[in-house]
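Trainee: The sequence isn't on hand, but the structure is:
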């Protein structure tokens, strides 16, 4: 998921897109049948809605090469899921839309997608993507509702000059990260190692994912909700300690002007982020070129798992009358090396396609980061992500509850562990209200 997606207004999305019932890669298949895959007899124009910077230029490349299948790109980054939700209600959704992995299950329950498995090109695309991404979009092989676009393997962005100035070693584990935070704070009381954005549940979910803190599972015709598992509590207690000891700031929102200003003023020494974030610092803090390095995300034990923050798909939306053409464009968009290279360069996307991971641009040093081969770090991170992690049918509800309670905890009202309990309760209530069989998991 690009940074634009992570900034989606969850409240607006919740108001615009109702969550009905649950299906995910662990849930049973529904009865939706695949749509027809007949080619059109004349020129076709497709609508593709997305939130990726520069995607219009990628679409321009396709349009020049495909005069009979033209695509109109619409950027909806200001209110991505609100816009999509309203279009679904009005019956005028686009042919294709960018949808985050975590949003797929709830939208599927609204019958928002069309199954493209009648198109042989859609089913054949499976081998072209990193396996875990395909399982997210096909819901365990029950159809082809979307094609993977990008992923967000996480890493640690480090102001190496600040660490060097104070003689602090770059941490490799979370214990070392806490120790580094204390050393930096002691050396400069106005400096923190990073910030904790209480209004960014998606980022926090990436931290939970790293510690195998599965929020949902499905078995015996019932969902099990485990948002407040012991693995989740370990993550929450760790960050609560950093907050309580004032080792991290809590007054900054990710990608905000204030966040960049704090980095510009050398007030923050690192950033726990995803692959797509590499362009954020490059484009917004050009004077800090050469001062940043990217290293593996700190782990809970040496050589442990990594996390994923974000990632998107391009979904086949219900109502499209041009499935054959949509599959052709969608496959090109997310597997063609020239398209993938443009998406990485302009939009910062880290491709989900196997071919994308072999792009020449991803094997070269990046000038802003001292010509270091930063994408090697993300490639290794991607290999260490728990591929069994699934999103549940009430993820939006969980995210909203998390953010509300995390904001209170950051202000001194409760703790992050309390936030997990609030999110767990919200998920179970939402499922009960929608008659979704669910129980609190062990």
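Mentor: In hand now; what should we look at? All of these numbers come straight from a predicted model, not from anything done at the bench.
Trainee: contacts, neighbours, all on C-alpha from now
Mentor: Fine.
Trainee: Reduced to three states, what does residue 316 come out as?
Mentor: Under DSSP: H, G, I helix; E, B strand; the rest coil, residue 316 falls in the strand class.
Trainee: Could you pull up the contacting residues of it?
Mentor: For residue 316, the contact set (Cα atoms under 8 Å, 6 or more residues apart in numbering) comprises 95-97, 113-116, 145-146, 323, 326.
Trainee: what's the answer for residue 214, then?
Mentor: So residue 214 contacts 208, 226-227, 229, 389-390 (Cα under 8 Å, 6+ apart).
Trainee: repeat for residue 236
Mentor: With Cα under 8 Å, 6+ apart, residue 236 has these contacts: 416-417.
Trainee: Report pLDDT for it.
Mentor: pLDDT, residue 236: 98.
Trainee: Now it. Its backbone dihedrals?
Mentor: For residue 236, the backbone dihedrals are phi -60, psi -40 (criterion: degrees, to the nearest 10).
Trainee: again, but for residue 211
Mentor: The phi/psi pair for residue 211 (degrees, to the nearest 10) is phi -90, psi 20.
Trainee: again with residue 102
Mentor: Dihedral angles (degrees, to the nearest 10) for residue 102: phi -70, psi -20.
Trainee: can you count the residues close to residue 189?
Mentor: 13 (other Cα atoms under 10 Å).
Trainee: ok, now residue 367?
Mentor: If we define neighbours as other Cα under 10 Å, then residue 367 has 12 of them.
Trainee: Which residues are in contact with it?
Mentor: Contacts of residue 367 by Cα under 8 Å, 6+ apart are 289-290.
Trainee: Could you work out the most separated pair of the contacts of residue 214?
Mentor: Farthest apart among those by Cα to Cα are 229 and 390. That separation is 15.0 Å.
Trainee: So between those two, which is more surrounded?
Mentor: Legend: neighbour count by other Cα under 10 Å for residue 229 and residue 390, higher for residue 390 (23 against 20).
Trainee: which SS state does residue 281 fall under?
Mentor: helix.
Trainee: That one: neighbour count?
Mentor: Counted with other Cα under 10 Å, residues neighbouring residue 281 total 19.
Trainee: do the same with the one 3 residues further on
Mentor: With neighbours defined by other Cα under 10 Å, the count for residue 284 comes to 14.
Trainee: OK, contacts around it?
Mentor: residue 260.
Trainee: How about residue 252: what's its closest non-neighbour residue?
Mentor: residue 259 (5.6 Å; Cα to Cα, 6 or more residues apart in numbering).
Trainee: next one: the helix or strand where the one you found lies to chain centre, how far?
Mentor: Using DSSP states H and E, residue 259 sits within helix 257-264. From the chain centre to the centre of helix 257-264 is a distance of 22 Å (Cα atoms, centre = their mean, to the nearest Å).
Trainee: right, and the helix or strand after it?
Mentor: Past helix 257-264, the next helix or strand by DSSP H and E is strand 270-274.
Trainee: Partner strands of that following strand and their direction?
Mentor: strand 146-159 (antiparallel) (DSSP bridges).
Trainee: for the residue nearest to the spatial centre of the chain, phi and psi?
Mentor: For the chain, residue 310 is the residue whose C-alpha lies nearest the centre (Cα atoms, centre = their mean; 0.7 Å). When quoted as degrees, to the nearest 10, the phi and psi of residue 310 stand at phi 90, psi -160.
Trainee: For it, give its distance to residue 349.
Mentor: 11 Å (Cα to Cα, to the nearest Å).
Trainee: on that earlier part again, out of the contacts of residue 316, who's the most crowded?
Mentor: residue 146 (30 neighbours).
Trainee: number of nearby residues for the nearest residue to that residue once chain neighbours are set aside?
Mentor: Excluding its sequence neighbours, the residue lying closest to residue 146 (Cα to Cα, 6+ apart) is residue 315, at 3.9 Å. Number of residues near residue 315 (other Cα under 10 Å) recorded here: 31.
Trainee: Quick check: residue 315 touching residue 145?
Mentor: Yes - between residue 315 and residue 145 a contact is recorded at 5.9 Å, counting by Cα atoms under 8 Å.
Trainee: Now the common contact residues for the two.
Mentor: residue 113.
Trainee: still on that earlier bit, what's the distance between the residue nearest to the centre of the chain and residue 210?
Mentor: Distance from residue 310 to residue 210, by Cα to Cα: 13 Å.
Trainee: do residue 42 as well
Mentor: Residue 42 sits 49 Å away from residue 210, going by Cα to Cα.
Trainee: Contact partners for the nearest residue to residue 399 once chain neighbours are set aside?
Mentor: Nearest residue to residue 399, sequence neighbours excluded (Cα to Cα, 6+ apart): residue 201, at 5.3 Å. Residue 201 is in contact with 399-400, 402-403, counting by Cα under 8 Å, 6+ apart.
Trainee: separation between residue 201 and residue 173?
Mentor: 22 Å.
Trainee: do the same with residue 294
Mentor: Taking Cα to Cα, one finds residue 294 at 15 Å from residue 173.
Trainee: Name the residue in those two with the higher neighbour count.
Mentor: residue 294 (25 against 18).
Trainee: Angles on the backbone of the more buried one, please.
Mentor: phi -120, psi 130.
Trainee: circling back: and the contacts of residue 214 as JSON lines, adding pLDDT, distance to residue 101 and secondary structure?
Mentor: JSON lines is the format used below for those (pLDDT from 0 to 100; distance: Cα to Cα, whole Å; DSSP: H, G, I helix; E, B strand; the rest coil):
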{"residue": "208", "pLDDT": "97", "distance to residue 101": "16", "secondary structure": "helix"}
{"residue": "226", "pLDDT": "96", "distance to residue 101": "19", "secondary structure": "coil"}
{"residue": "227", "pLDDT": "96", "distance to residue 101": "18", "secondary structure": "coil"}
{"residue": "229", "pLDDT": "96", "distance to residue 101": "22", "secondary structure": "coil"}
{"residue": "389", "pLDDT": "87", "distance to residue 101": "11", "secondary structure": "coil"}
{"residue": "390", "pLDDT": "83", "distance to residue 101": "9", "secondary structure": "coil"}
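Trainee: Name the nearest of those residues relative to residue 70.
Mentor: Using Cα to Cα as the measure, the one of those that approaches residue 70 most closely is residue 390, at 34.8 Å.
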